[in-house]
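In: Okay, predicted coordinates and the sequence, questions at the end:
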Amino acid sequence: MSKRIFQTPYGRLLAATLLLSALNPLHAAEAVDGEALQANATLYVWLPSMGGDFKYNVGNGSATVSGSDILNALNMAFMGALEFRRGKWSLLTDVVYLDLGADRTSSVGLPGGGAINAGVDLDVSGWQLGVYGGYQLYATDKATLDILGGVRYLTLDTDASLSISGPLPPSLPTADLSASTEVWDAVVGFRGKVELGSDWYMPYHADVGTGDSELTWQAMVGVGYRAGWGDLLLFYRHLAWDEGDDKLLQGLEFTGPGMAVRFPF
């Protein structure tokens, strides 16, 4: 799907409508024999580290700030998901808000080549919205498999304050750099679960896509327990984007463990 679809008014209206229902990557869909509508909500805590670089436009050149392992300090977060299923069909939504920041010494690339070492105070905040429709291809007492298709939206604001011991290069007019980006991508993938015995199971999810970014992908695997009133889950998740050499995001990725609770309603 071309990224131009999401740049038209009809494309953005379609995406906004789809955002009412999208991916819950933290648990697998269960086999459904009837046609009754089923719904559940998930609240989760995800504690990722961050890797990648941010490329800021500076005058006629650019400055690149490394974000590798900078953002291991979580200031604020909201994470939740909704799922609706009827028979083999499902609509799902996954919402993540992150506000992270930390200080460290980083290498900053300079216009025209070369780099300097600088103290970096980097703050990143933004929303990730996942949008998927699913169809169940396979379902037994031991495992299920759904195929998925939809969109992923990312909006990100970054602020980098540089503390440089030497004089600033003439082409770098300020030590305070800020930039923001919005990214729409079409994605395809699969999800499901494998029964581990009794009330235990292993959920999994993977998808890949492109659009405004050159590549985006995510993968998740976990273990879940049916507690009667709902499900408890532990998981490990990786989520990544690459906008390309001339854009802000130079290989942004979030990776880490998390836990969740799921409630039917």
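Out: That came in fine, so what should we check first?
In: any idea which element residue 247 lies in?
Out: Residue 247 belongs to no helix or strand when assigned by DSSP states H and E.
In: and if you look at residue 126?
Out: strand 115-139.
In: which other helices and strands contact that strand?
Out: Here strand 115-139 touches helix 9-18, strand 61-66, strand 89-109, strand 143-163, strand 176-197, going by 3 or more CB pairs under 8 Å, 6 or more residues apart in numbering; DSSP states H and E. Every residue, glycine included, has its C-beta placed from N, CA and C.
In: one more time with 6 Å
Out: strand 89-109, strand 143-163 (3 or more CB pairs under 6 Å, 6 or more residues apart in numbering; DSSP states H and E).
In: confidence score at residue 190?
Out: Note on residue 190: pLDDT of 97.
In: wait, isn't it in contact with residue 149?
Out: No. Counting by CB atoms under 6 Å, residue 190 stays clear of residue 149, with 10.2 Å between them.
In: between the helices and strands packed on strand 115-139, which gets nearest to residue 195?
Out: Nearest to residue 195 among the helices and strands packed on strand 115-139 is strand 143-163; the distance by CB to CB comes to 6.7 Å.
In: Strand 176-197 and the closest one, what's the angle between them?
Out: With axes from the mean of the first three to the mean of the last three CA atoms, to 10 degrees as the basis, strand 143-163 and strand 176-197 are set at 160 degrees to each other.
In: so what's residue 208 bridging to?
Out: Assessed by DSSP bridges, residue 208 has beta-bridge partners residue 188, residue 217.
In: start the count at 751, not 1, going forward
Out: In the new numbering, first residue 751, that becomes residue 958.
In: How many residues are close by it?
Out: With neighbours defined by other CB atoms under 10 Å, the count for residue 958 comes to 14.
In: ok, now the one 5 residues further on?
Out: Counted with other CB under 10 Å, the neighbours of residue 963 add up to 23.
In: is it true that it lies in a strand?
Out: No. Counting by DSSP: H, G, I helix; E, B strand; the rest coil, residue 963 is not part of a strand but coil.
In: so who does it touch?
Out: 933, 935, 991-993 (CB atoms under 6 Å, 6 or more residues apart in numbering).
In: Using JSON lines, lay out these together with neighbour count and pLDDT.
Out: Shown next, in JSON lines, are the contacts of residue 963 (neighbours: other CB atoms under 10 Å; pLDDT from 0 to 100):
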{"residue": "933", "neighbour count": "23", "pLDDT": "92"}
{"residue": "935", "neighbour count": "24", "pLDDT": "97"}
{"residue": "991", "neighbour count": "27", "pLDDT": "91"}
{"residue": "992", "neighbour count": "18", "pLDDT": "86"}
{"residue": "993", "neighbour count": "20", "pLDDT": "79"}
